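Colleague: sharing a sequence plus its predicted fold:
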Amino acid sequence: MTDPASAQTAPVRNPSARLIDGKAFAANLTETIAWDVRSFHARHRVTPGLAVVLVGNDPASEVYVRNKAVQTHRAGMRSFMHMLPATTSQAELLALIARLNVDPEIHGILVQLPLPEGLDPVAVTNAIHPDKDVDGLGEVNAGRLALGQPGIVPCTPLGCLMLLKSELGDLRGLHAMVVGASNLVGRPMAQLLLREGCTVTIAHIDTRDPAALARQADILVVATGCRGLVRGDWIKPGATVIDVGITRVALPNGKTRLVGDVAFDEAVTRAGRITPVPGGVGPMTIACLLNNTLAAARRIVDGGGAAAA
Ligand SMILES: Nc1nc(=O)c2c([nH]1)NC[C@@H]1CN(c3ccc(C(=O)N[C@@H](CCC(=O)O)C(=O)O)cc3)C=[N+]21
């Protein structure tokens, strides 16, 4: 590879994009939150509490849920785990949420998605009291976001926005493209970017020539669950790329590796900045969950919010 002839004929490669270190950003944010949790406790004698409900035993979900518990404790909050069997009925799940809604030790409730077959995620998400809906996925908080009103913002889009603002500062007037229109990430992400003054394009399964649209975007946020979907030639040179996708793939040696929705090796030669997978958006999701739980506790305790409603 050090053959001078091949070095001469090799194409001039774009220098590598700057890596956006979500892991470090999330660790800093968690430390700030831990500090705020201590002063909140000193003032009110209340420790923010997060209830995480996991139905069934999807191994990937179990990893995330355990990760959330560890980070919750790191931030000085209490974590209440509810691991229910896959056979749990809708009525049983709703009864648990009803109890958590009125439990004064609980300030945030998260029901891990997807739910097993037979449970209605819309009914379950909407059963969470809006003041405790730290995932921001219920219709009240989603509606507030769509109307530009204050409310609880979904953790992953919030984490992406924090990274974008810390990298780029003011986003006003930038062209942002969101690839994927899920209720969990794509739609709320587009709403947040609109609120920041971006011109927003949303690409989805029926979009014609998404690559040509993407090439016009200063910001590309990709959340499709389709690994490697976004190729290098989708990316406008110098653009900022946020890769939300996380897929675990098996390697020939029997081990596994996490990969994103962006073909990283290609994208890194075109993008100005890019998030890695792992170590990009994933840790930000958890840090934002803690952020939302502290904010919910503040609102419930300070604002005489609806803990007892
Ligand atoms: N109601 C609900 N809210 C969610 O926020 C939610 C959900 N359901 N269901 C599942 C997905 C997935 N999710 C992740 C969170 C953190 C990492 C994370 O920390 N990832 C690390 C790597 C973790 C590893 O090594 O496995 C990283 O990207 O660096 C990943 C995935 C939240 N989700």
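Modeller: That came in fine, so what should we check first?
Colleague: and the residue of the stretch 1-150 of the chain found nearest the ligand, how far from residue 107?
Modeller: Closest residue of the stretch 1-150 of the chain to the ligand, CB to the nearest ligand atom: residue 113 (3.9 Å). For the C-beta atoms, the positions are set from N, CA and C on the backbone; glycine is no exception. Separation of residue 113 from residue 107 (CB to CB, to the nearest Å): 20 Å.
Colleague: and if you look at residue 158?
Modeller: From residue 158 to residue 107 the distance is 17 Å (CB to CB).
Colleague: out of those two, which sits in the more crowded spot?
Modeller: residue 107 (29 against 21; other CB atoms under 10 Å).
Colleague: in this structure, which spans are strands?
Modeller: 18-19, 49-55, 78-84, 108-111, 175-179, 199-203, 219-222, 240-243, 247-250, 256-259, 273-274 (DSSP state E).
Colleague: mean pLDDT added to those strands, as a markdown table?
Modeller: Below are these laid out as a markdown table (pLDDT from 0 to 100):
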| stretch | mean pLDDT |
| --- | --- |
| strand 18-19 | 97 |
| strand 49-55 | 97 |
| strand 78-84 | 96 |
| strand 108-111 | 98 |
| strand 175-179 | 99 |
| strand 199-203 | 98 |
| strand 219-222 | 98 |
| strand 240-243 | 98 |
| strand 247-250 | 94 |
| strand 256-259 | 95 |
| strand 273-274 | 98 |
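Colleague: ok, the closest residue to the ligand within the chain - contacts?
Modeller: Residue of the chain nearest the ligand, by CB to the nearest ligand atom: residue 282 (2.2 Å). Neighbouring residues of residue 282 by CB atoms under 8 Å, 6 or more residues apart in numbering: 22, 246.
Colleague: show me what contacts residue 283?
Modeller: Contacts of residue 283 (CB under 8 Å, 6+ apart): 22, 23, 25, 26, 27.
Colleague: quick check: closest non-adjacent residue to it.
Modeller: residue 26 (3.7 Å; CB to CB, 6 or more residues apart in numbering).
Colleague: repeat that for residue 72.
Modeller: Residue 72's closest residue in space is residue 79 (CB to CB, 6+ apart), at 4.0 Å.
Colleague: residues near the one you found, how many?
Modeller: 18.
Colleague: what does stretch 248-258 contact?
Modeller: 60, 227, 246, 247, 259, 277, 278.
Colleague: distance of the last one from residue 23?
Modeller: Think residue 278. Distance from residue 278 to residue 23, by CB to CB: 8 Å.
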